[in-house]
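Novice: need coordinates for the following:
(chains A, B, C and D)
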Amino acid sequence: MNLRLTNKQINIIEKANPFLIVSTIVAFTFGLYFSLLQSPPDYIQGDSMRIMYIHVPSAWFALMAYTILAGSSVLWFITRNPIFSIIARSIAQIGMIFTLISLVTGSIWGKPTWGVWWVWDARLTSMLLLFFLYLAYIFLWQSITNKDLASKISAALAIVGFVNIPIIKFSVDWWNTLHQPATISKLSSPSIDISMMVPLFIMTLATFLFLVTVFFIRLRIEILDNKILRIREVE
Amino acid sequence: MLALLKRDLYLALYSSSSFFYTSSFFVLVLIILPFLFGTNNVQLQVLFKGIIWIGLSLSILLTMERIFNADYEDGNLDIIIQRYPSLETIIISKYITHWVVYCLPLFIILPILSFLFYVSLDNFFLIFLNLLFGSFGMVFIVTFVSALTLGAKRTIFLKAIIVIPLFVPFLIFGTNLESWPILLALSMMSFVLSMYVSAYGLRLYVE
Amino acid sequence: MNELKIEDLTCYRGENLVLKDLNTKLKSGETLVIRGKNGSGKTTLLRVLSNFIKSYNGKILFNDQNIIEDANYRYFFNFVCQKNSLKDNLSVKNNLKLWEIIYQKNISYSKLLEDFNMSHLVERDVASLSDGQKKCISLLRLNFTESKIWFLDEPFVFLDEENSQILIQKIKNFNTNNGIVIITSNINLQNTFTNEIKI
Amino acid sequence: MNELISMGGYAPFIWSAYGFFFITIVILFFTNFLRLKKREEVLNKINNNRD
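Specialist: Numbering: from 1, shown residues only, chains lettered A, B, ... in the order given. I've put the predicted structure just below:
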């Protein structure tokens, strides 16, 4: 498979790694300092709201990763450039992990806030379904042995899933208005204090840097796989 | 089109037990209810609304291998595509057969079952309508998933993981008695999606 | 007179080149044997010829008409692939009946089964037959259409001496009726069919 | 320091959430990193064999 990457692009991907790793670690150090020490506790939720600084970025990136997954699948259909198929399956695993993290941290946050580990709240439920969409995508890709075919099929599934997300969200929201017990307080207050914005911003940046790091490593794996395949073909 | 439909229906007729499999399965899923939750009339009525959807989803899900997989694996799909090159015709014929063979029997026994679970006549009609419109959409969904996963290793669990999140909207609206227009809309949407995706999947595997 | 012409056929499956610059021509009454190792692209070639695979370079012409553009081409050929197209849980008779509906043609089963001396098997379930018997029944599908070309993928696998002879006779009869036959095989058939290419 | 550890009484929640977050991303990083190293090894082996 021709990856259609220029040497310059490959060079950037290969060279960027040490820089990315260092900046991720630095950003997380700052992020932890701000989120655990610098920022004040929330006056309603107390210190427990510090979980937000990891929960919110992972939830954002879980959703963003699925958007990238579906977007690159669409682009793959239009251009047939294999790089989009590689982007799609590289981002899928990362997205699934972030969905898992946001579910678990959300649940841990829920215990002190709502008094229960899990609430059948619209957001949590849709997130849970998103996790299974990721899982289906990855399983389907793995279970088809012909990888050329697998990338075509899983791209179709990614798009179907993306079409389905708003429908799922809509139906879960609607269902929630029927079943939601009224006692539960809202997660996010409408305005966040500036002292909380800073750690949230730094943690988001750090998480983003981490995502890019892993993403580049996965791209390098694909590039090497491609090289190995070509050498074997020549032999 | 008619010939294909006839062929699919005859195929189901020859393996005649398939009509009874799903309806017996459906009945058995429902009669577990009193054993699990007691014989309280009011409670049973509430549970009945939900469990019929589980029964319907499972019977559609468990039989989805018969839509394309069987014909694909023994080579009949090639013959069908050679003779009837319009994939859309093949897909529509599969929708109809699958619905008639695996959903229709459930609707035939539904009146008796709702009688056993003390459902009032008004509610019965609404439940019936919901289930009817929902079942169309669910058949469309399993059809395209089974077309997409033709080449995957034979795992019903993988298919279940793909299908159940897609079923969720149907199940959510299905348990509400007045939402049959929404179910109809959902079914129409899944019809459009399913036509495209199934044809795409079939085309890939035939090549 | 019919003529099937393959011009500069090159075909990739995924990243692999399976068919390269294949040129050949077949006229009515001729049989071509395609020989090659496992995985050399014999089945792919048959799937290209039967219009399932449409992405390839080169041209395939039937009576000077490109087969991809010719909507009637599908009525001109019949094929028997390695999958035997039989439903295991049904009886032989019911299987034949299903084909009857697909091909929209009425066939007398008992007469058809006599070809391979299998009349006594009509009511048996396919699952209880041997591989050779299944193969014979799947070959009966050739009688369901009046086609001009047959594509046979490894037809002699599982067949015993007697049934092989019957099949060869059938092919020769078809040839004398102006039929074109293409057979893939990994065994030597030089004694019976002289026209052979290796891929 | 004690304040940091006790987190206003929410210590178990906060530390388990942060712990889960970091352990998961470190695992994600290393599984991919090890896969990369494995590929590089294979490539080196092939290159050495050719020389």
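Novice: so where's chain A shaky on pLDDT?
Specialist: A:1-3, A:42-45, A:179-193, A:235 (pLDDT under 70).
Novice: next SSE downstream of the longest helix belonging to chain C?
Specialist: The longest helix of chain C (DSSP state H) is helix C:161-176. Following helix C:161-176 in sequence order, the next helix or strand is strand C:180-185 (DSSP states H and E).
Novice: pull the distance from that following strand to the chain's centre.
Specialist: Remark: strand C:180-185 is offset 7 Å from the chain centroid, using C-alpha atoms, centre = their mean, to the nearest Å.
Novice: partners of it in the sheet?
Specialist: Paired strands of strand C:180-185, with direction, are strand C:31-35 (parallel), strand C:149-153 (parallel) (DSSP bridges).
Novice: minimum distance to A:Ala158: which of these has it?
Specialist: strand C:149-153 (35.2 Å; C-beta to C-beta). For the C-beta atoms, the positions are set from N, CA and C on the backbone; glycine is no exception.
Novice: what are the ranges of the helices in chain D?
Specialist: Under DSSP H, chain D gives helices at D:2-6, D:11-50.
Novice: mean neighbour count and mean pLDDT for the strands paired with strand C:180-185 - can I get that in JSON lines?
Specialist: Shown next, in JSON lines, are those (neighbours: other C-beta atoms under 10 Å in any protein chain shown; pLDDT from 0 to 100):
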{"stretch": "strand C:31-35", "mean neighbour count": "21", "mean pLDDT": "88"}
{"stretch": "strand C:149-153", "mean neighbour count": "22", "mean pLDDT": "90"}
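Novice: want to throw the helices of chain D into CSV with mean pLDDT?
Specialist: Output for the helices of chain D, formatted as CSV (pLDDT from 0 to 100):
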stretch, mean pLDDT
helix D:2-6, 67
helix D:11-50, 89
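Novice: give me the low-pLDDT residue ranges for chain B?
Specialist: For chain B, the ranges with pLDDT under 70 are B:16, B:154.
Novice: ok, the most centrally placed residue in it - contacts?
Specialist: The centre of chain B sits closest to B:Ile60, judged by C-alpha atoms, centre = their mean, with a distance of 3.5 Å. Going by C-beta atoms under 8 Å, 6 or more residues apart in numbering or on different chains, B:Ile60 touches B:His98, B:Tyr102, B:Cys103, B:Ser135, B:Met138, B:Val139, B:Val142.
Novice: same thing with C:Gly14?
Specialist: Contacts of C:Gly14 (C-beta under 8 Å, 6+ apart): A:Asn146, A:Lys147, A:Asp148, A:Leu149.
Novice: what do you get for C:Ile171?
Specialist: C:Thr31, C:Trp150, C:Leu152, C:Val181, C:Ile183, C:Phe193.
Novice: among the residues you listed, which pair sits farthest apart?
Specialist: C:Trp150 and C:Phe193 (12.7 Å).
Novice: now do the buried residues in stretch C:129-145.
Specialist: C:129, C:133-145 (16 or more other C-beta atoms under 10 Å in any protein chain shown).
Novice: what's the end-to-end length of that stretch?
Specialist: 25 Å (C-alpha to C-alpha, to the nearest Å).
Novice: state the mean pLDDT of that stretch.
Specialist: For stretch C:129-145, mean pLDDT is 88.
Novice: hmm, stretch B:139-148 in reach of chain A?
Specialist: Yes: with C-beta under 8 Å from any C-beta of the partner chain as the criterion, chain A is reached by stretch B:139-148 at B:Phe144, B:Leu148.
Novice: return that stretch as CSV; C-alpha atoms alone will do.
Specialist: This file holds the C-alpha atoms of stretch B:139-148, laid out as CSV (Å, rounded to 0.1, in the frame of the first residue of the first chain):
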residue,chain,number,x,y,z
VAL,B,139,-34.9,-5.5,10.1
PHE,B,140,-33.3,-2.8,8.0
ILE,B,141,-30.5,-2.4,10.5
VAL,B,142,-29.7,-6.1,10.8
THR,B,143,-29.7,-6.4,7.1
PHE,B,144,-27.0,-3.8,6.5
VAL,B,145,-25.0,-5.0,9.4
SER,B,146,-25.1,-8.5,8.1
ALA,B,147,-24.1,-7.3,4.6
LEU,B,148,-21.1,-5.4,6.1
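Novice: from chain B, how far out is the residue of chain C found nearest chain D?
Specialist: Nearest to chain D in chain C, going by C-beta to the nearest C-beta, is C:Glu15, at a distance of 18.4 Å. According to C-beta to the nearest C-beta, to the nearest Å, C:Glu15 and chain B sit 15 Å apart.
Novice: list phi and psi for the closest residue in space to C:Ser28 that isn't next to it in sequence.
Specialist: Residue nearest to C:Ser28 in three dimensions, not counting chain neighbours: C:Asn178, with 4.0 Å by C-beta to C-beta, 6 or more residues apart in numbering or on different chains. Here is the backbone geometry of C:Asn178 (degrees, to the nearest 10): phi 70, psi 20.
Novice: so what's whichever residue of chain B sits closest to chain C up against?
Specialist: In chain B, the residue that lies nearest chain C is B:Gly75 (3.1 Å; C-beta to the nearest C-beta). Going by C-beta under 8 Å, 6+ apart, B:Gly75 touches C:Cys81, C:Gln82, C:Lys83, C:Asn84, C:Ser85.
Novice: kind regards, and thank you for your time.
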